[in-house]
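In: Here's my sequence, what's the structure:
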Amino acid sequence: MAKYIFVTGGVVSSLGKGISASSLGRLLKSRGLKVTMLKLDPYLNVDPGTMNPYQHGEVYVTQDGAETDLDLGHYERFLDTDMSRDNNCTTGQIYDSIIARERRGEFLGNTVQVIPHVTNEIKNRIRRIAPGKDVVIIEIGGTVGDIESLPFLEAIRQMRLDEGRDNVLYIHVTLVPYIRASDELKTKPTQHSVGKLREIGIEPDIIICRTEKPLGQPLKEKIALFCSVPKEAVIEARDASCIYEVPVMFEEQGLDEQVLMLLRLRSPKKDFTRWKEMVEKARNPKAQVTIAVAGKYVELKDAYKSIWEALMHGGLAHSTNVQVRYVDTEIRHLDQELSDVHGILVPGGFGDRGVEGKIHVTCLARERRIPFLGICLGMQCAVIGVSRTELHLKGANSTEFDPRTPHPVIHMLPEQRAIQQKGGTMRLGIYPCRIKPGSLAHKTYGRILIHERHRHRYELNNRYQKRLERAGLVVTGQYPVKHLAEIVELKDHPWFIAVQYHPELQSRPMRPHPLFRGFIEAALKYSGQHA
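Out: Here you go, the predicted structure:
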């Protein structure tokens, strides 16, 4: 029988519930337990696929093609386990399912209400992922007190009654702010947040306190007294320079021991050595490179969260600190901004804003022989850049940005052309790719057949492939079923690879993705630091 751990948040958003939950998952997995995770998001969108990245951060795509919350990226990276569409649930999905059932007459004439119909559907989604697992960790999006979160909180309150006290655990993540003027940490926001949770009927068993300063034993005891938990159950979550330090921080305070005790769980001997070695490597790099990420959502770092993490992983493979410089492709003087970087990455995106800047950046990387990695739209921009400057195809473009372009070197996938509904209809999820033997991609991956995750509607137009290859941009990876270009690379360039898929989604701290590992190695060589 699975045990359930519910992680809620209070005071303010963006406290790091996802990282806290993932860190606990890592610790429990290190104890030999089978762990999975679920994100419950309170917004009415069915998924974040149609949301602006400034509203929601990046859209994380699972193996089975679900567009999900970025926290699923944390779950996968910390647990080194692939998630699916069942690991993310929104209010939109809950109501969509209930209304469809009501229209089919499944409620037999009953009045459909939040309690029990909505709460029962939420509990069903939670239990759906439990078979075969020892522990299910469920993160509730938003903060306690948000009106849209109330059905989820009511459902998880009921879970302890349904499953039994020893099978359900509540963890509350809250803020202990530092007031600089008085040089004090304040516990009152935590007390109010826990009080609000109690009003809903949930008594937290463990409190994780986000803080920029050490709490100290007297403050922990104060929080324990006012919030009715043992002082050992007050866990400090101080700001960390690297998120992968958080499980180590929690382990040192005995969070995993507290959870095992409260849930009456036994586990084999802990095996946390490799994770600690990885963290130690991150703390003590032997070299440093600067990588430019040239995009249009640079004001919100969460828009490129997985790319940031994958670059860090690539650095870990070479004991290298990766300094990421976010470059807005809408600014002037891009040449100057990129004059001292050791590598350039152009990420994915949608819409024509900032695209001309991205195309220019790919040309800079080509002309200056700077290591380059293009991802999704980044690949398409590289193709457009070569078409314009090397093939002299005036007006070459993607039909996404110019439907009347005389040279549609990038065009819509045929199966996408009749689609009217936007949500969940792109080419999504895992697809195979066959790599050309002897290519740079082959050398980087070390194998011929790979599988990568996709999220796009447009592709390289095969009518221009031979001309592009004569100009030096060679297709070295294809989706074999439909002969779609997946990888292009530039001849006579130290390291220039662009891919149609999203390799960052499969990178892990202890298993860096081959492309990011190779990209950082090339950046090290370019900087002159490679041994």
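
In: measure residue 143 to residue 201 for me?
Out: Look at residue 143 and residue 201: by C-beta to C-beta, to the nearest Å, they are 17 Å apart. Bear in mind the C-beta positions are built from the backbone N, C-alpha and C, glycine included.

In: which secondary element of this protein has the worst mean pLDDT?
Out: Scoring the helices and strands of the chain by mean pLDDT, DSSP states H and E places helix 53-56 at the bottom, with a mean of 73.

In: ok, residues contacting that helix?
Out: By C-beta atoms under 8 Å, 6 or more residues apart in numbering, the residues outside helix 53-56 that reach it are 48, 59, 69-70, 297, 299-300, 302-303.

In: is it fair to say residue 97 lies in a strand?
Out: No - using DSSP: H, G, I helix; E, B strand; the rest coil, the assignment for residue 97 is helix, not a strand.

In: show me what contacts it?
Out: Counted by C-beta under 8 Å, 6+ apart, residue 97 has contacts residue 121.

In: Kindly state the pLDDT recorded for it?
Out: At residue 97, the model reports a pLDDT of 95.

In: How much space separates it from residue 120?
Out: 11 Å.

In: do residue 152 as well
Out: With C-beta to C-beta as the criterion, residue 152 and residue 120 are 13 Å apart.

In: Can you pick out the residue with more neighbours from the two?
Out: Neighbour count, other C-beta atoms under 10 Å: between residue 152 and residue 120, residue 152 has more, with 26 against 13.

In: element containing that one, please.
Out: Using DSSP states H and E, residue 152 sits within helix 150-163.

In: tell me which residues in that helix are buried?
Out: By neighbour count with 16 or more other C-beta atoms under 10 Å, helix 150-163 contains the buried residues 150-160, 163.

In: Render the CA-only coordinates of that helix in PDB, please.
Out: C-alpha atoms of helix 150-163 as PDB (Å, rounded to 0.1, in the frame of the first residue of the first chain):
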ATOM      1  CA  LEU A 150      -9.500  25.100  -2.000                       C
ATOM      2  CA  PRO A 151     -10.900  22.000  -3.800                       C
ATOM      3  CA  PHE A 152      -7.400  20.500  -3.800                       C
ATOM      4  CA  LEU A 153      -6.800  21.200  -0.100                       C
ATOM      5  CA  GLU A 154     -10.200  19.800   0.800                       C
ATOM      6  CA  ALA A 155      -9.400  16.600  -1.200                       C
ATOM      7  CA  ILE A 156      -6.100  16.100   0.500                       C
ATOM      8  CA  ARG A 157      -7.700  16.700   3.900                       C
ATOM      9  CA  GLN A 158     -10.100  13.900   3.100                       C
ATOM     10  CA  MET A 159      -7.200  11.600   2.100                       C
ATOM     11  CA  ARG A 160      -6.000  11.100   5.700                       C
ATOM     12  CA  LEU A 161      -9.500  10.000   6.700                       C
ATOM     13  CA  ASP A 162      -9.700   7.600   3.700                       C
ATOM     14  CA  GLU A 163      -6.200   6.200   3.900                       C
END
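
In: Check the offset of it from the chain's centre.
Out: Relative to its parent chain, helix 150-163 has a centroid offset of 27 Å by C-alpha atoms, centre = their mean, to the nearest Å.

In: Let me see the residues that make contact with that helix.
Out: 4, 6, 8, 40, 42, 91, 94, 114-115, 118-120, 122-123, 126, 138, 140, 144, 167-168, 170, 197, 200-202.

In: which ones among the residues you listed are found in helices?
Out: Using DSSP state H, the subset of these located in helices is 91, 94, 119-120, 122-123, 126, 197, 200.

In: Report the buried members of the residues you listed.
Out: With burial judged by 16+ other C-beta under 10 Å, the buried subset of these is 91, 94, 119, 122-123, 126, 197.

In: so for stretch 278-287, what's the average pLDDT?
Out: Mean per-residue pLDDT for stretch 278-287: 94.

In: Equivalent analysis for stretch 412-420, please.
Out: Per-region confidence: stretch 412-420 scores 72 on mean pLDDT.

In: Going forward, count from 769.
Out: Renumbered: residue one is now 769, and that last one reads stretch 1180-1188.

In: Looking at the residue lying closest to residue 898 once chain neighbours are set aside now. What's its pLDDT?
Out: Distances taken as C-beta to C-beta, 6 or more residues apart in numbering place residue 770 nearest to residue 898, at 3.9 Å, with adjacent residues excluded. Reported pLDDT at residue 770 in the predicted model: 94.

In: Contacts only, for residue 770.
Out: Residue 770 neighbours (C-beta under 8 Å, 6+ apart): 898-899, 901-904, 935.

In: Report the distance from stretch 1260-1267 to the chain centre.
Out: 26 Å.

In: can you list contacts of that stretch?
Out: For stretch 1260-1267, contacts defined as C-beta under 8 Å, 6+ apart pick out 1114, 1130, 1133-1134, 1137, 1139-1144, 1146-1147, 1150-1151, 1208-1209, 1212, 1220, 1240, 1245, 1254-1258, 1283, 1286-1287, 1290, 1293-1294.

In: which ones among these are found in helices?
Out: 1130, 1133-1134, 1146-1147, 1150-1151, 1208-1209, 1212, 1283, 1286-1287, 1290, 1293-1294.

In: For the residues you listed, which PyMOL command selects only the ones that are buried?
Out: With 16+ other C-beta under 10 Å as the criterion, this PyMOL line picks the buried residues out of the ones in helices among the contacts of stretch 1260-1267:
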select buried, resi 1130+1133+1134+1146+1147+1150+1151+1208+1209+1212+1283+1286+1287+1290+1294
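
In: farthest-separated two in the ones in helices among the contacts of stretch 1260-1267?
Out: The most widely separated members of these, counting by C-beta to C-beta, are 1151 and 1293 (25.4 Å).

In: Show the contacting residues for the most centrally placed residue in the chain.
Out: In the chain, the residue lying closest to the centroid (C-alpha atoms, centre = their mean) is residue 841, at 3.2 Å. Contacts for residue 841 (C-beta under 8 Å, 6+ apart) come out as 826, 828, 1073-1074, 1077, 1273.

In: Distance of it relative to residue 976?
Out: Note on residue 841: its distance to residue 976, by C-beta to C-beta, is 20 Å.

In: now swap in residue 801 and tell me
Out: Applying C-beta to C-beta, the value for residue 801 to residue 976 is 19 Å.

In: again with residue 776
Out: For residue 776 relative to residue 976 (C-beta to C-beta), the value is 10 Å.

In: Give me the common contacts of those two.
Out: Contact criterion C-beta under 8 Å, 6+ apart; residues shared by residue 776 and residue 976: 939-941.

In: which SS state does the residue of the chain most remote from its centre fall under?
Out: Most distant residue from the mean C-alpha position of the chain: residue 877, 42.1 Å away (C-alpha atoms, centre = their mean). Per three-state DSSP, the secondary structure class of residue 877 is coil.

In: Brilliant, that's me finished.
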